[in-house]
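>>> From the sequence below, what's the structure:
(one chain, ligands or ions: 1)
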Amino acid sequence: MSRKNACITSIEPMILMAATAIDGSDAADWISADENDNTINALGGDDSIYAPLGNNLIDGGAGLDTLVIYEGVADDFQLSALADGSIQILGPSLNRETHENLITNVEQILFNDGIVKADDIQPPVEPPVEPPVEPLQFGRSDDEFEHQTINLPQTHWPANC
Ligand SMILES: [Ca+2]
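This is a model prediction of the structure:
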């Protein structure tokens, strides 16, 4: 079965909708991720990045970069500064499922109710640590055991044993 080449009937604007890895340029880019789990390197320039679906890794590179979130206000999202310097953003995706964007070198996040600076995001709140349970003390030296009597519970074996 042979396949004929398809004719180009129209030319649409180029939109990055098929690649899971998306690289920007050194200009100020508008980068729109797709429904896949994208890895975005925005590179230089003051970039705006929109990644409303999937779980995405986003590196803003140089410049003043903005993650744009139209899917809610800041309080709808859980923002955590992780130990490795990245910031985790958990919240509603475009299809209202919970998704994650993990950003580095992205200086700010634009929500529907305003901008949150990455520098103002705190580490995740850890649950309170339970104090360690003191180990049971059975005695400090062998002397303390010399005069102790241990009463074992009586065991009733079946008569035919
Ligand atoms: Ca950049």
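>>> C-alpha only now, for contacts and for neighbours.
Fine.
>>> buried sites along stretch 80-89?
Residues of stretch 80-89 classed as buried: 80-81, 86-89 (neighbour count, 16 or more other C-alpha atoms under 10 Å).
>>> and residue 104, how far is that from residue 41?
Distance, residue 104 to residue 41, using C-alpha to C-alpha, to the nearest Å: 10 Å.
>>> ugh, wrong one, residue 116
21 Å.
>>> who's more crowded, the two?
Remark: of residue 116 and residue 41, residue 41 carries more neighbours, 20 against 17, as counted by other C-alpha atoms under 10 Å.
>>> roughly how far is stretch 109-116 from the heart of the chain?
Here stretch 109-116 shows a centroid-to-chain-centroid distance of 19 Å under the convention C-alpha atoms, centre = their mean, to the nearest Å.
>>> again, but for stretch 115-128
13 Å.
>>> Run through who's touching stretch 31-44.
Residues from elsewhere that reach stretch 31-44, judged by C-alpha atoms under 8 Å, 6 or more residues apart in numbering: 15-29, 47-63.
>>> Just the buried ones from these, in PyMOL syntax?
Here is the PyMOL command that selects only those of these that count as buried (16+ other C-alpha under 10 Å):
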select buried, resi 20+21+22+23+24+28+29+47+48+49+50+51+52+53+54+55+56+57+58+59+60+61+62+63
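>>> Among the contacts of stretch 31-44, which ones lie close to the ion?
Near the ion, judged by C-alpha under 5 Å from the ion, the entries from the contacts of stretch 31-44 are 47, 60-63.
>>> what's the closest of those residues to residue 98?
residue 60 (22.3 Å; C-alpha to C-alpha).
>>> wait, what's in contact with the closest one?
Residue 60 sits next to 40-44, 47, 66, 103-106 when contact means C-alpha under 8 Å, 6+ apart.
>>> Farthest-apart pair in the buried residues of stretch 80-89, please.
Longest span within the buried residues of stretch 80-89, C-alpha to C-alpha: 86 and 89, 9.8 Å.
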